[in-house]
Structure formats: C-alpha cells, structure tokens
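Engineer: mind looking at a prediction? Sequence and model below.
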Amino acid sequence: MIRFEHVTKRYPDGTTAVEDLSFEVAEGELVTLVGPSGCGKTTTMKMVNRLIEPTEGRVLLDGRDIAEADPVELRRHIGYVIQQVGLFPHKTVLENTATVPQLIGTPKARARARAAELLELVGLDPAVHGDRYPRQLSGGQRQRVGVARALAADPPVLLMDEPFGAVDPVVRERLQNEFLALQQSVRKTILLVTHDLEEAVRLGDRIAVYGSGTIEQFATPAEVLGAPATPYVASFVGADRGLKRLAVTPVEPADLEPADGAAPAASVELGASLRQALALLLQEDAGRIAVTDPATGAVAGVLTPQGVHRALRRAHRRDDA
C-alpha cells in the first residue's frame, strides 16, 4: 500500500533528515516508526502526504507515485492525527468531525450522520458530546475526536504523529487499547510515529527502529526485542527487553498444564500476552491461572510460572532458528 524506494530528504543547508529509505507497509498493516528526537521518523511520515517533498527517490501509494498527485487532493484522502489534535476551536465536536467529508463534497446531512457514527465508534456519545466545543473536552476526549475526524472520509491510509503523547499515562494506555480495538474493525494502513518503544511494541504489527536518518531494523516487535539487528538497536531496546518481550509473546496451548480438578477462578484467554497472564499469575496465591479457549469459553488448561518460562524459551528458540 505504501512503498518507499530509496528516499532521501536533504535540506539546502546540507542537513540530511533521512537517507536511502526503502521499506513497504502492507494494506491493513500498522507500522510504528520509533527512535529518538531528530532521527527522521516524522519527516518520513510527512513525505507520504507531501507536507515534505523528498529530495531523491519515490514514495508510492497503492502503486502510484504520489509526486504525480495533486497535494491537496492527496491529503483529503489520507487521515492525519497529530499530538496536539488540531481541532478547530470555533467548531463543535460534530462539525469538526464532519469537516473533511464536507470538503470532498459529501452533503452536509450525510457528513454529519457519518460524523455521529464515528464519534460512537471512538467511544463518544454524539448526543452528549456532539454540540460541545473542544475546550469543553478532556485531553483524551479531544484525542478521540481527532481520530474520528481522520477517519471521517474513510481514507485507506492513516498517518499518526505521537497521537497519544499529550495525555497522562493512564489515559494513554486506555486510548491505546481503544485504538487497537478500533483498528481490528477498520483495518486501515497506518504509519504511527512515536518516541516510546513500549507504545511501538504494543501497537505495531511491525516496527521501524530509526538511527540517525536511517532504519536500523524493520521487523515484528518480537524480532526487534528478541533479536536486535545491530548494537544500536540492542542499546535502544534496552537491557530490560526480556520484560518487554512479555508484551508480544502470546499464551499458547504448549505452555499449559492439564486442568486437573477445579479450574482456578482467575483466567485469561489463549492468545493473551504473557505480560497480561504473568500480572494475573503474580496476584494468585495458588501460583496458577486458568486459560480458556476464546471460541468456546472452555478451559484449555492452566498456566504456571513454569509455563511462562517455557513460553519465553520457545520464543528465544524461534529467534535463533
């Protein structure tokens, strides 16, 4: 869906923001761009909607060179969410959300109906919040409106620049959970910029780890955490990457022991992350939790600390294979 072919951005003063980038984002995939400030990740994202033009190379969207597209028309079909949201302060929540559909010619009544649907989708009741102004919302609510507005024209591509960076950690985690659930239903092709490795691991189908203007590793979260490609990536991921690895390793049937007798009351589903399972396991005096089949609700087995260890060893063997 999005393809970078040997893309470089060099400014007149000689500064090179990104150099010889080549990577591809598949349709329906969420790719996170992570790295320190000034590494080129936001420049990369802004070249997709031509807010920044590349010096060399090509950016293709659905097989077409975006340099040949009208920039204004291109941007109307790409959703864009930024950290400070950028809502129009003089417009209501419903009017803000309906802005892009109306710009591309959708009749006002249909645009407002679509806006109301999307507000519900992001967890805001249009009957309650639709007539409010941005100043009357919390930071998390404004961020939801920003996501709804970006989705309003049903764009195939969504660009997100530190979308959850302006809210406190508790709200941030809740927004991340809601966004992952939303992505399961809308399946947009997404580039998401973040400086937070935990966020990149949690949200991304794949992660691009940036050094200085280049991508040091482009892989799944489990690969980045389990097998850093370079010393730089290993350093960036940190010494606690084994703990981070828990977030991207699922509970599988091979990790379980038979549920002899009454199953523990505490439970997670197969496919839940080991981090989620371990957090629950540590709360249980019995040292075991039930694991259920999400399709049937039946108990598939029990997970113990030894099962967590087996799962981590299995993940490491996969990295070494």
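Structural biologist: Ah, there it is. Residues are numbered from 1 along each chain as shown.
Engineer: who touches the residue nearest the centre of the chain in this structure?
Structural biologist: By C-alpha atoms, centre = their mean, the mean C-alpha position of the chain lies nearest to L203, the distance being 3.6 Å. For L203, the contact set (C-beta atoms under 8 Å, 6 or more residues apart in numbering) comprises L30, T32, Q176, F179, L180, L192, T194. C-betas here are computed from N, CA, C, even on glycine.
Engineer: who's the last one bridged to?
Structural biologist: To tie it back to what came earlier, the one meant is T194. Beta-bridge partners of T194, counted by DSSP bridges, are V34.
Engineer: now for it, how many residues are close by?
Structural biologist: 25 (other C-beta atoms under 10 Å).
Engineer: need the pLDDT of it.
Structural biologist: T194 carries a pLDDT value of 92.
Engineer: that one touches G35, doesn't it?
Structural biologist: No - the pair T194 and G35 does not pass the contact test of C-beta atoms under 8 Å, sitting 9.1 Å apart.
Engineer: show me which positions of the longest helix belonging to the chain end up buried.
Structural biologist: In the chain, ranked by residue count with DSSP state H as the criterion, the top helix is helix 169-186. Along helix 169-186, the positions that meet the burial threshold by neighbour count (16 or more other C-beta atoms under 10 Å) are V171, R172, L175, Q176, E178, F179, L182, Q183.
Engineer: what's the spacing between the third one and L246?
Structural biologist: In this structure, L175 and L246 are separated by 21 Å, where distance is defined by C-beta to C-beta, to the nearest Å.
Engineer: try the second one
Structural biologist: To L246, R172 is 19 Å away according to C-beta to C-beta.
Engineer: got the phi and psi for the residue located most distally from the centre of the chain?
Structural biologist: Among the residues of the chain, the one whose C-alpha is farthest from the average of all C-alpha positions is G261, by C-alpha atoms, centre = their mean at 40.8 Å. The phi and psi torsions at G261 (degrees, to the nearest 10) take the values phi 80, psi -160.
Engineer: kindly report the same for T32.
Structural biologist: Residue torsions, per degrees, to the nearest 10, at T32 are phi -100, psi 140.
Engineer: so for the residue nearest to it when sequence neighbours are not counted, what's the pLDDT?
Structural biologist: Leaving out its chain neighbours, the residue that sits closest to T32 by C-beta to C-beta, 6 or more residues apart in numbering is G204, at 3.5 Å. G204 carries a pLDDT score of 89 in this model.
Engineer: wait, G204 touches V193, no?
Structural biologist: No - using C-beta under 8 Å as the test, G204 is too far from V193 to be in contact (11.1 Å).
Engineer: overlap in contacts of the two?
Structural biologist: Common neighbours of G204 and V193 (criterion: C-beta under 8 Å, 6+ apart): T32.
Engineer: distance between the ends of stretch 103-114?
Structural biologist: End-to-end distance for stretch 103-114, by C-alpha to C-alpha, to the nearest Å: 14 Å.
Engineer: so which bits of that stretch are buried?
Structural biologist: T106, A111, R112, A113, R114.
Engineer: could you do stretch 59-71 as well?
Structural biologist: When neighbours are counted by 16+ other C-beta under 10 Å, the buried residues of stretch 59-71 are found to be V59, L60, L61, I66.
Engineer: which residue ranges form the helices in the stretch 201-321 of the chain?
Structural biologist: For the stretch 201-321 of the chain, the helices defined by DSSP state H, counting those that start in this stretch cover 221-226, 231-237, 241-245, 274-281, 305-320.
Engineer: can you give me the strands in this protein?
Structural biologist: Secondary structure of the chain, counting by DSSP state E: strands at 2-10, 16-25, 30-34, 56-61, 64-65, 78-82, 157-161, 189-194, 206-210, 215-219, 267-269, 289-292, 299-303.
Engineer: in JSON lines: these, plus distance to L151.
Structural biologist: Formatted as JSON lines, the entries for those read as follows, by distance: least, C-beta to C-beta, whole Å:
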{"stretch": "strand 2-10", "distance to L151": "17"}
{"stretch": "strand 16-25", "distance to L151": "18"}
{"stretch": "strand 30-34", "distance to L151": "14"}
{"stretch": "strand 56-61", "distance to L151": "17"}
{"stretch": "strand 64-65", "distance to L151": "22"}
{"stretch": "strand 78-82", "distance to L151": "6"}
{"stretch": "strand 157-161", "distance to L151": "7"}
{"stretch": "strand 189-194", "distance to L151": "11"}
{"stretch": "strand 206-210", "distance to L151": "22"}
{"stretch": "strand 215-219", "distance to L151": "26"}
{"stretch": "strand 267-269", "distance to L151": "28"}
{"stretch": "strand 289-292", "distance to L151": "33"}
{"stretch": "strand 299-303", "distance to L151": "36"}
